[in-house]
Every structure is written in C-alpha cells, then in structure tokens.
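**Q** Okay, here's the prediction I keep looking at, along with the sequence it came from:
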Amino acid sequence: MPESWKLVGFIAVTDATHAREFYAGKLGLKLIEESPFALVFDCNGVMIRVTPVKELNAQRFTILGWQVSDIEQAVARLESAGVELKRYPGVPQDARGIWTAPGGAKIAWFEDPDGNTLSVSQH
C-alpha cells in the first residue's frame, strides 16, 4: 500500500525556462527529463515533476520542503546561489530568515520564480 509506494512530487509553474533555471541552476536538482508536459527532476531518489500550466495562483503555504541536517549551511548555499529567503511579518526570524518553532525545529522559506513557497527545515 502507500507506505511502500515511491513518492512523486508535483509543482505547477507558468514558465518552464525560468523553472529549469531555478530548480536545476539555483537549487542544483538533477534534470532527468524535459518535455512539453514536464521538467522531471531527481531529488535524492524522489521524482519531482515541474509541470507548465497556463494560469497559476501560487499558494502562500509551503508546497515542498527539504529536511536538512544543518540549516545554517543550507541557507548559506541557497543565498550563494542567489535564492532570496522570505521574511514574514510577525514571525520572529533571525537575520538570515530562519525561524525557530516552539518545538525547536528551524525553518527557512523561499519562493520559486512563480511564487510557490518552498522551505528547508532542521528537526
């Protein structure tokens, strides 16, 4: 059943060229297939299908995130690749944009070119 099935993530975008530049160029995901239907990336054995759509209302909640062992290092890598971290009014984030949740998890958010919210988190 689902616990033994392999996960596939889907992300909608309006511009495949900008998405390729972001997901492959800035995030460093391995592009394994490109067609008019999707950009397919391998993310540590998980398939991410970035699908072009005509219209998109990007959600303001996190649609995809990565669990990392060192969030400071992950944020530094994102920043060095030109990724801008999100700041949220009323959320006590540090100077780099990292929020420490009440339970101790550390989270930082950023957006892709279409405004989809992505994150890195250390638990």
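**A** That came in fine, so what should we check first?

**Q** tally of neighbours for the closest residue to Ala105 other than its chain neighbours?
**A** Nearest residue to Ala105, sequence neighbours excluded (CB to CB, 6 or more residues apart in numbering): His123, at 4.9 Å. The C-beta positions use only the backbone N, C-alpha and C, and glycine is treated the same way. The tally of other residues near His123 (other CB atoms under 10 Å) stands at 12.

**Q** what does Leu39 give?
**A** Applying other CB under 10 Å, I find that Leu39 has 23 neighbouring residues.

**Q** before we move on, the earlier item: quick one: contacts for the residue nearest to Ala105?
**A** 67, 104-105 (CB atoms under 8 Å, 6 or more residues apart in numbering).

**Q** Drop anything exposed from these.
**A** Neighbour-count burial (16 or more other CB atoms under 10 Å) is assigned to none of the contacts of His123.

**Q** Out of the residues you listed, which is nearest to Val53?
**A** Gln67 (27.4 Å; CB to CB).
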